[in-house]
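A.B. asks: Sequence first, then the predicted structure:
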Amino acid sequence: MNSESTLARLQATLPGGKLPSSYGVYFKNTLVALCHALEDHILQTSGGDKSELQPLVLVMFQQGKWYLQEADRYLDIANASRRVVIGAVADSGFATHKTAQLENVSLINLDESDPIIQEWNLIILAPTYKAMVLCRELSDQEYLPDGKPEVDIERKFYGLWSFDQSLVSAAAEIFIEQTRHYNAPLAESLLEMHHEILATKGPPLADISGVVSRIVTYLQSSQQQMVAINRQTRELWELEGQALRVSRNLNANKLQAFLRIAQRVDERDTSNPTASLQVAALSETLGQILDLPALQLRRLRLAGLLFRVGLVSAPNEVFDRTPDAFDEATFSFWRDRSFIGSQLLQAMPELAPVAEIVKHKLEYWDGSGRPEGLRAEAIPMTSRILGLVAYFQELTQPRGDRPALSLSEALKQCRELSGTRFDPALLETLSNVVRMTEIGLMELPTRPSQLPNVWLEDLGDRTTSAAPAL
């Protein structure tokens, strides 16, 4: 990472230099989705906002070919903001655009020798919420051996996104300092405005669950576009074909039978009657945050709905007691439940990838799990997600003489297994979701974004009244 980049400077301010779990390599299409989701929140909340609650918006546009499209969009954003600062190279077209004529818009003409022109940053600071996307494109050297993609949408960036107030505020100060040698008076006024926003007391935190929902929607759309673009290779043609076959066959008799089995298992489990729905939903959310490809997300979502089919013939004790109270025969069944489920799912060839996810759900990070003793990165990411979410969700519901745990208590128990049973990095992603939920910035999903019709027929009120929401 370039030591002069905003990301590197932010990293230097963090304890142990540890960036949040959202940090990773993203396709450009994904970053467009993230930025648009955050910008949409400004536009959709502008009507009811008092001027003192409007945001300060700091944006740095990477050198590119799409400035005028963004300039039109930022005209509306500026009208909903207290101040907008736009950094771009001089020939971007912003200077002559009507957006630049607004009194609350300031332009910074970046020098083409400044490394910051490889960055694409959006920072939003309002008294009621803070949000940002920071990213920098891979260098020519980092694109080796294949070189920089010819297709614009396939370009890659180091990046992160966050709603954490302290993190966003630190990034804002870095942004402001980077502008100082271009326009010192502007930097001083921005710093004063930043401190004024931080000092504002009284207004309740904004409900930004809609932002998270929009991010999810944009990510799904961008992932689907990436699959379409990459159809040029035969391998991805075949993968897409498999995904379409599964989608077309959602109402086929065999898949209906599996979904019915999963529902019946949930119905037998009176303490946790919506386990499959909640596990599928939270698994999908983690997968989206980790930017999994659309095909993997579809498989993960279906695996979440079907991961309990191995319990179809389970003795009643499985649903009435905690595992430490099982007799030897019941424990043996419980220990092999994922493998049994995967064997059942193998009866439908189109579900082979889903069966593999279920099969490896009980593999442990240290290699002591079942059925194959896989360890660390050898365990498929989708199986790691499913295993962690299933364990976490189970703890939030009562079982035998164990009461339901709160989200933080369940997370604490999961953390005790970090590095032994669970992937430490994945646990950090779950921790971020739990933290955002506990401070009211989002709600944990109770059902996945898409459900087969067969499931919807019998859903009724089970997701809202029959069981505590995850």
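C.D. replies: Received the coordinates, thanks.
A.B. asks: My guess is Leu122 contacts Phe61. True?
C.D. replies: No. Leu122 is beyond contact range of Phe61, at 9.4 Å (criterion: CB atoms under 8 Å). Backbone N, C-alpha and C define where each C-beta goes, glycine included.
A.B. asks: can you give me the end-to-end distance of stretch 427-446?
C.D. replies: One end of stretch 427-446 sits 20 Å from the other (CA to CA, to the nearest Å).
A.B. asks: For the closest residue in space to Glu154 that isn't next to it in sequence, give the beta-bridge partners.
C.D. replies: In space, and not counting its chain neighbours, Glu154 is closest to Phe27: 6.5 Å by CB to CB, 6 or more residues apart in numbering. On the basis of DSSP bridges, Phe27 is bridged to Lys156.
A.B. asks: shouldn't Phe27 be in contact with Arg155?
C.D. replies: Yes. Counting by CB under 8 Å, Phe27 touches Arg155, with 7.3 Å between them.
A.B. asks: coming back round to it: where's the residue nearest to Glu154 relative to Leu430, distance?
C.D. replies: 24 Å (CB to CB, to the nearest Å).
A.B. asks: For Phe27 and Arg155, indicate the residue with more neighbours.
C.D. replies: Neighbour tally, Phe27 and Arg155, criterion other CB atoms under 10 Å: the higher count belongs to Phe27, 22 against 19.
A.B. asks: Run through the residues that contact the closest residue to Phe333 other than its chain neighbours.
C.D. replies: In space, and not counting its chain neighbours, Phe333 is closest to Ala314: 6.1 Å by CB to CB, 6+ apart. Each residue near Ala314 by CB atoms under 8 Å, 6 or more residues apart in numbering is listed here: Val265, Phe333, Trp334, Arg337.
A.B. asks: ok, now Ser22?
C.D. replies: Leu160, Trp161, Ser162, Ile289, Thr429, Asn432.
A.B. asks: ok so it is a helix residue?
C.D. replies: No. Ser22 is assigned coil when assessed by DSSP: H, G, I helix; E, B strand; the rest coil, not a helix.
A.B. asks: And it, how close does it get to Asp164?
C.D. replies: 10 Å.
A.B. asks: now do Glu196
C.D. replies: 20 Å.
A.B. asks: So which of those two has more stuff around it?
C.D. replies: Neighbours per residue (other CB under 10 Å) separate Glu196 from Asp164, with Asp164 holding more: 19 against 14.
A.B. asks: Contacts only, for the more buried one.
C.D. replies: By CB under 8 Å, 6+ apart, the contact list for Asp164 reads Pro20, Lys130.
A.B. asks: low-scoring stretches of this protein, by residue?
C.D. replies: Along the chain, segments meeting pLDDT under 70 span 1-2, 21, 46-50, 63-69, 151-153, 202-254, 256, 453-470.
A.B. asks: Just want the most central residue of it.
C.D. replies: What sits nearest the mean C-alpha location of the chain, by CA atoms, centre = their mean, is Ile289, with 1.5 Å.
A.B. asks: Give me the nearest residue to that residue, chain neighbours excluded.
C.D. replies: Thr429 (5.8 Å).
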